[in-house]
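Visitor: Sequence below, structure please.
(chains A and B)
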Amino acid sequence: MTDTSQATIPKRYPFSDPHRLDVDPRYALLRRDEPLTRIRMPFGEPAWLATRYADVRTVLADRRFSRSASIGRDQPRNTPRQADEGILAMDPPEHTRLRRLVAKAFTARRVEELRPRTTAVADELVDGMLAAGPPADLVAHLATPLPIRVICDLLGVPVADQGRFHTWSEAIVSTTSLSPETAESYIDQLLGYMAGLIAQRRETPTDDLIGAMVRARDENADRLTEDEVIRLAAGLLAAGHETTVTQIPNMVYVLLTEEGGWERLGNDPTLVPKAVEELMRFIPLGATAAFPRYATEDVELGGVLVRAGEPVVVSLHSANRDEQVFADPDRLDLAREDNPHLGFGHGVHHCVGAQLARMELQVVLETLLRRIPGLRLAVPVSELTWKSGLLVRGLTAMPVQW
Amino acid sequence: MSGEEPGGWRVFVDSTRCIGSGICAGAAPGHFVLVDGLSRPLKELIDPADEVLDAAESCPMEAIIVSDVGGGRIAPEP
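Guide: Next up is the predicted model:
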């Protein structure tokens, strides 16, 4: 074990600007030679970066690594301003108190009840796409509206307001795409909008998730603050579609550009659930690191001593390519059997919407395979344009034909 | 624990449902551990503990069942 926290010059992180969905080759070298390495993000104090699967899981699930200890620190981050991260800056039992408020609505069992309606929405959106093309933009016709409709139904947010909250939601995944002032203004508007919906629910109770959150708040006023409920609901609305909106085109892109991917699924659609897991593993959705964990005591990890008070960030996509866990990790294997990927994170902050996202991604792929088996890109890969300045990687548009 | 019968609760993890999210091991590290990627209770019979309820209510797969010694379901709530 070596103590290098003070000795080495931190590497600039992210190592490179994202290029399509490529994984930087430096991660493989770090996993082999230097599984915990010193990095410096665009803002904040230097940090450790964990790249091996086992170490990443430890940082995300071991209580010696804390999110709440980040409060008041100069956190390693991508933006000048430190955002108020709400539930994502909490540890148990505080974190669990809030998470329990919504976890019930996102269990596999409850999500399964939404599958028929989600399939109907997907079919309706594909009808629209077929009528508009070919060519047609899969991002505008399907990938964007579907997750918005689903999360609006679940929460009880009027879909008609999507023009406004979809714009504001970019602020939660923005690194440099919005100026700090614009990002702050969008977040304020999103919170104000949600506060209005919550006030309406108090007047007129509803059976949707916002209605349930309002009831829970009013029955447990000593345990939940109004501000916590507003931030949690706004976070679900924003996170509930930004990530899935981006991941749907990413998955279709990989299937259409990796040799034989689309045909293989078309020949055997029963592979779709496994394929979604493999695509979650294979696609490096995140463009950078976020949410550093602070060690609350000295911890030996990856051959170094992480000292109490030092921050650690993790690379989920490096963990997802760890050859110690995944056979032939750089190969897309749509039928991969043993696939404990970390695409939805790990530990108490594991994505609360994971089961919902899985269901939506499965429904989208199944619907496209059934309705448009001859789907293909309408432009060369080199002409596709990618988003930048966001926490996530994805396409700005995806012209397809059939 | 305050006057409760030791071992008043039974904890069961359904390994056919568990997806190894690590939520329970993070929320209640004294009660759950991941073995080969799946959760397992450290002890089957426990004293009543809020963090075990938190873990059971937070599990996205509802794979954690907490019952009383008579077999009555305590968590998760239906």
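Visitor: Which residue ranges of chain A form strands?
Guide: For chain A, applying DSSP state E gives strands covering A:11-12, A:36-40, A:47-50, A:65-66, A:136-137, A:293-295, A:299-301, A:304-306, A:311-314, A:376-377, A:399-401.
Visitor: would you list those strands in CSV and tack on mean neighbour count?
Guide: Every residue, glycine included, has its C-beta placed from N, CA and C. Shown next, in CSV, are these (neighbours: other Cβ atoms under 10 Å in any protein chain shown):
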stretch, mean neighbour count
strand A:11-12, 14
strand A:36-40, 20
strand A:47-50, 28
strand A:65-66, 21
strand A:136-137, 20
strand A:293-295, 24
strand A:299-301, 17
strand A:304-306, 21
strand A:311-314, 24
strand A:376-377, 14
strand A:399-401, 19
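Visitor: Using CSV, lay out these together with distance to residue A:206 and mean pLDDT.
Guide: As requested, the strands of chain A are exported to CSV (distance: least, Cβ to Cβ, whole Å; pLDDT from 0 to 100):
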stretch, distance to residue A:206, mean pLDDT
strand A:11-12, 49, 96
strand A:36-40, 46, 97
strand A:47-50, 43, 98
strand A:65-66, 36, 98
strand A:136-137, 34, 98
strand A:293-295, 37, 98
strand A:299-301, 46, 98
strand A:304-306, 47, 97
strand A:311-314, 38, 98
strand A:376-377, 42, 98
strand A:399-401, 37, 98
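Visitor: looking at the ones you listed, which is closest to chain B?
Guide: With Cβ to the nearest Cβ, the closest approach to chain B among the strands of chain A belongs to strand A:65-66: 9.7 Å.
Visitor: Given the closest one, what are its sheet partners and their directions?
Guide: Strands that pair with strand A:65-66, judged by DSSP bridges, come out as strand A:293-295 (antiparallel).
Visitor: what does the strand it pairs with contact?
Guide: With Cβ atoms under 8 Å, 6 or more residues apart in numbering or on different chains as the test, strand A:293-295 has contacts from A:59-60, A:64-67, A:69-70, A:73, A:306-314.
Visitor: Close to chain A: what parts of chain B are there?
Guide: B:17, B:20-23, B:25-29, B:34, B:37, B:50-51, B:54-55, B:57-62, B:76-77 (Cβ under 8 Å from any Cβ of the partner chain).
Visitor: List the residues that contact residue A:46.
Guide: Residue A:46 neighbours (Cβ under 8 Å, 6+ apart): A:10, A:38-40, A:76.
Visitor: Now render those as a markdown table, adding distance to chain B.
Guide: As requested, the contacts of residue A:46 are exported to a markdown table (distance: Cβ to the nearest Cβ, whole Å):
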| residue | distance to chain B |
| --- | --- |
| A:10 | 28 |
| A:38 | 26 |
| A:39 | 24 |
| A:40 | 28 |
| A:76 | 21 |
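Visitor: Where do the helices of the stretch 151-300 of chain A begin and end?
Guide: Under the criterion DSSP state H, counting those that start in this stretch, the stretch 151-300 of chain A contains helices at A:162-173, A:180-203, A:209-219, A:226-257, A:261-267, A:272-282.
Visitor: Need these in JSON lines (columns: distance to chain B and mean neighbour count).
Guide: Below are the helices of the stretch 151-300 of chain A laid out as JSON lines (distance: least, Cβ to the nearest Cβ, whole Å; neighbours: other Cβ atoms under 10 Å in any protein chain shown):
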{"stretch": "helix A:162-173", "distance to chain B": "21", "mean neighbour count": "18"}
{"stretch": "helix A:180-203", "distance to chain B": "22", "mean neighbour count": "16"}
{"stretch": "helix A:209-219", "distance to chain B": "12", "mean neighbour count": "18"}
{"stretch": "helix A:226-257", "distance to chain B": "14", "mean neighbour count": "22"}
{"stretch": "helix A:261-267", "distance to chain B": "22", "mean neighbour count": "17"}
{"stretch": "helix A:272-282", "distance to chain B": "10", "mean neighbour count": "22"}
